[in-house]
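>>> quick one: sequence plus predicted model below, questions after.
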Amino acid sequence: MRTLPYTIEDRVSVHGPELLQDYLRFFDQAFSDFSQWADCYCGFYDTSEADWDATSNAGPEHRAARSALISASKAQGLLAYIDGRPVGWCNAQPRANFVNMRSYRVALTDPGEPVGSIMCFVVSPDYRGRGVCTALLRAACDKFRRDGLQTAEGYPTTNSQKRFGEIPWAESNYKGPLNVYLKNGFTIHKQLELFAIVRKQL
């Protein structure tokens, strides 16, 4: 029997149109323990601020919009599998692909840099704390390297209490825990009030 980390790393797949149904199946249940985020479908950073519907009944709209982007090969990322079942997701794309960086735009000194951004991690509740995030982070760096990008960049929260209040730890770390980045060769490029910009040269 393979250990979980090995199995996950062996089955991290680049997300594309052929994985649309797996992606939707994963996100339909990914926030079963935190319904306030269940309607995002990881479209938040791919939608202009003016067009994003933050109301609680916008889930079907976001699901349909995300499906259209994926079907048109206009969305990228990684799915992690265990026993043929998707258990984790990482929104990892060239930074220039994100329509709106929201508060992270303050981090950009040169928007034209060939940087790959690791924007979000989502892990199924039963698999959190079991190596899925690490496997996805490593796979994202490999993907960026294959795509010819020179730098991987992440935005881990470093002051979660101030930013998120009583939101559970797993949700406050949806950017990926700082220690996971540091253990995988990233260093702090810039420290801001609520989050750090971490980077790794590829």
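That came in fine, so what should we check first?
>>> packing partners for the host helix or strand of L69?
Secondary structure assignment for L69, by DSSP states H and E: helix 59-71. The contact analysis (3 or more C-beta pairs under 8 Å, 6 or more residues apart in numbering; DSSP states H and E) places helix 59-71 against helix 20-29. All C-beta spots, glycine's among them, are computed from the backbone N, C-alpha and C.
>>> what helices or strands is the helix it packs on leaning on?
Other elements packing on helix 20-29 under the criterion 3+ C-beta pairs under 8 Å, 6+ apart are helix 59-71, strand 78-82, strand 85-94.
>>> format the ones you listed as CSV; extra columns: distance to G176, mean neighbour count and mean pLDDT.
Output for the helices and strands packed on helix 20-29, formatted as CSV (distance: least, C-beta to C-beta, whole Å; neighbours: other C-beta atoms under 10 Å; pLDDT from 0 to 100):
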stretch, distance to G176, mean neighbour count, mean pLDDT
helix 59-71, 21, 16, 88
strand 78-82, 13, 22, 89
strand 85-94, 8, 23, 90
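>>> now the element after the lengthiest helix in the chain, going C-ward?
When the chain is parsed with DSSP state H, its longest helix is helix 132-146. Where DSSP H and E defines the elements, the next helix or strand beyond helix 132-146 is strand 151-154.
>>> for the nearest residue to R199 once chain neighbours are set aside, what are phi and psi?
In this structure, R199 finds its nearest non-sequential neighbour in H189, 4.3 Å apart by C-beta to C-beta, 6 or more residues apart in numbering. Backbone torsions for H189, taken as degrees, to the nearest 10, come to phi -90, psi -40.
>>> centre-most residue in this protein?
Centroid check for the chain by C-alpha atoms, centre = their mean gives C120 as the closest residue, at 2.2 Å.
>>> mind checking the SS state of that residue?
Secondary structure for C120, judged by DSSP: H, G, I helix; E, B strand; the rest coil, is strand.
>>> please report how far it lies from I70.
In this view, C120 and I70 are 15 Å apart by C-beta to C-beta, to the nearest Å.
>>> now swap in N184 and tell me
To I70, N184 is 27 Å away according to C-beta to C-beta.
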